[in-house]
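In: no FASTA, just this:
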């Protein structure tokens, strides 16, 4: 039983570590917005009518 409790505590610690790193990413990393354009050929817009 102590081994099971130790394993569950270890898993909880890993989950808290992952959760904390995700929170840190959302708080400290600021994305830089930029304009994006992509050319689409006219043949792709109208499809094949043949």
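Out: Yep, it's here. Fair warning: this is a prediction, and the values are worked out from it, not measured in the lab.
In: packing partners for the helix or strand where residue 6 lies?
Out: When secondary structure is defined by DSSP states H and E, residue 6 falls within helix 2-28. On a contact count with 3 or more C-beta pairs under 8 Å, 6 or more residues apart in numbering; DSSP states H and E, helix 2-28 meets no helix or strand. All C-beta spots, glycine's among them, are computed from the backbone N, C-alpha and C.
In: Downstream of that helix, the next helix or strand is which one?
Out: Later in the chain than helix 2-28, the nearest helix or strand by DSSP H and E is helix 42-46.
In: chain center to that next one, what's the gap?
Out: Taking C-alpha atoms, centre = their mean, to the nearest Å, the mean C-alpha location of helix 42-46 is offset from the chain mean by 33 Å.
In: Next, residue 30: phi, psi?
Out: In terms of degrees, to the nearest 10, the main-chain angles of residue 30 are phi -110, psi 120.
In: if I look at residue 17, how far off is residue 32?
Out: As for residue 17, its distance to residue 32 is 28 Å (criterion: C-beta to C-beta, to the nearest Å).
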